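Asks: Next input, structure requested:
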Amino acid sequence: MRKGLKLLTTIVLTSLLVVGVAACGNGNEDKNSGSTGSSKFASIEQLKKNGKIRIGVFADKPPFGYVDSEGKNQGFDVYIAKRFAKDLLGDESKAEFVLVDAASRVAYLESNKVDIIMANFTVTDERKEKVDFADPYMKLSFGIVSPDSAPITAIDQLKEKGKKLIVAKGTTAESYFTKEYPDVELLKFDQYTEIFAALKDGRGAAIANDNTELIAWAKSNPGFTVSIPEFGGQDTIAPAVAKGNKELLDWINNELGTLGKEKFIHEAYNETLKEVYGEGFTDQLVVEGGKVE
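Replies: This is a model prediction of the structure:
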């Protein structure tokens, strides 16, 4: 009798425990996911309830993404990101900027630390396997900057013994040279500030990166020139969201289409890039309405 009662009590307690755990699990999922039923990312409805959208941007890559002397986020990417926040949530101040470096962009989306990456993110097939890219808002190519005293005018010069090419980790320039020029020795750094410091103090012969950034940097740093202004074909820059976040992806694409009708990306260029590149560079950089011409 006692054994039977003990067994019955155990079964009842176990059943209650299972029900309780299941209920807690369902409650947490609903809390984190909004109306999507998934905890991977918030729905647009949930973003509106939260009153903010987390956007990953650079802190050290002027004129595209940087923190100014007053601690405010500025730059081409940031200008566009603020408009996204204004049109989605009614106020550009509802953009919560999260500072990322080149190598952490994918990881920040995968770990749900940001909702969108707007950190001068070049579209590649490899990255498409891990994140979903929206339509582009910019186009560019690779370039190489080197000292005027020892210009690198051909990539084959970098194969000479003792010469090192400086790159930022997680960039398309790193991937390109690893694949296409494995005999070129790479000197890698996490931060953009580090790659320019390494060139200035002679630790490397040149820097390979997006030509747009290198042109801007060379203009403000006498003694250095973009000695190879374009190579490797044309790439595009686009916002990125977590893999499978179709709702937010569709919203961004529709937004870029709408902004294209008012030439907003041209406005962003004039406000943030024109001083650096001038008017003549607009058509080489700007992608309006998400469509590359």
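
Asks: okay, how far is it across stretch 237-256, tip to tip?
Replies: 13 Å (Cα to Cα, to the nearest Å).

Asks: ditto for stretch 180-191
Replies: 23 Å.

Asks: Also stretch 145-152?
Replies: OK, stretch 145-152 end separation, Cα to Cα: 8 Å.

Asks: How about residues contacting it?
Replies: 144, 158, 199, 205-207, 209, 214, 217-218, 223-228 (Cβ atoms under 8 Å, 6 or more residues apart in numbering). In short, each C-beta sits where N, CA and C put it, glycine included.

Asks: Now find how far off-centre it is within its chain.
Replies: Relative to its parent chain, stretch 145-152 has a centroid offset of 29 Å by Cα atoms, centre = their mean, to the nearest Å.

Asks: In that stretch, which of the residues would be classed as buried?
Replies: Across stretch 145-152, burial judged by 16 or more other Cβ atoms under 10 Å covers 145-147, 151-152.

Asks: For that stretch, give the mean pLDDT please.
Replies: The average pLDDT for stretch 145-152 rounds to 98.

Asks: Out of the contacts of stretch 145-152, which end up buried?
Replies: 144, 158, 199, 205-207, 209, 214, 217-218, 224-228.

Asks: Nearest the geometric middle of the chain, what residue?
Replies: For the chain, the residue lying nearest the average C-alpha position, counting by Cα atoms, centre = their mean, turns out to be Ala119 (3.2 Å).

Asks: Grab the nearest non-local neighbour of it.
Replies: Phe58 (4.8 Å; Cβ to Cβ, 6 or more residues apart in numbering).

Asks: In contact with Glu230, which residues?
Replies: Here Glu230 is in contact with 141-143, 211 (Cβ under 8 Å, 6+ apart).

Asks: again, only this time at 6 Å
Replies: 141, 211 (Cβ atoms under 6 Å, 6 or more residues apart in numbering).

Asks: from here on, count from 131
Replies: Got it, first residue is 131 now, which makes that one Glu360.

Asks: Can you tell me the element it falls in?
Replies: strand 354-367 (DSSP states H and E).

Asks: Please work out the average pLDDT along whatever helix or strand comes next after that strand.
Replies: Counting by DSSP H and E, the next helix or strand C-terminal to strand 354-367 is strand 370-372. The pLDDT scores in strand 370-372 average 98.

Asks: What are the contacting residues of strand 370-372?
Replies: By Cβ under 6 Å, 6+ apart, strand 370-372 touches 171, 239, 246-247, 251, 261-263, 378-379.

Asks: give me that answer again for 8 Å
Replies: Contacts of strand 370-372 (Cβ under 8 Å, 6+ apart): 170-171, 235, 239-240, 242, 245-247, 251, 257, 261-264, 378-379, 382.

Asks: got it, and stretch 193-202?
Replies: Contacts for stretch 193-202 (Cβ under 8 Å, 6+ apart): 187-190, 203-208, 229, 248-250, 342-343, 346, 402-403, 405-406.

Asks: redo that, cut-off 7 Å
Replies: 187-190, 203-208, 249-250, 343, 346, 402-403, 406 (Cβ atoms under 7 Å, 6 or more residues apart in numbering).

Asks: now stretch 266-273
Replies: 210, 253, 303, 306, 338-342, 344-345, 356, 358-368, 386, 395, 415-417, 420, 422.

Asks: Same question for stretch 310-329.
Replies: By Cβ under 7 Å, 6+ apart, the list of residues contacting stretch 310-329 reads 190-191, 231, 233, 285, 288-289, 294-299, 304, 307, 333-334, 337, 347.

Asks: what are the ranges of the helices in the chain?
Replies: Ranges of helices in the chain, per DSSP state H, are 132-163, 174-180, 206-219, 235-240, 255-258, 302-310, 322-330, 341-349, 376-391, 394-402, 404-407, 412-415.

Asks: Can I get those helices in a markdown table including distance to Leu316?
Replies: Output for these, formatted as a markdown table (distance: least, Cβ to Cβ, whole Å):
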| stretch | distance to Leu316 |
| --- | --- |
| helix 132-163 | 40 |
| helix 174-180 | 39 |
| helix 206-219 | 26 |
| helix 235-240 | 19 |
| helix 255-258 | 17 |
| helix 302-310 | 6 |
| helix 322-330 | 11 |
| helix 341-349 | 16 |
| helix 376-391 | 33 |
| helix 394-402 | 30 |
| helix 404-407 | 27 |
| helix 412-415 | 27 |
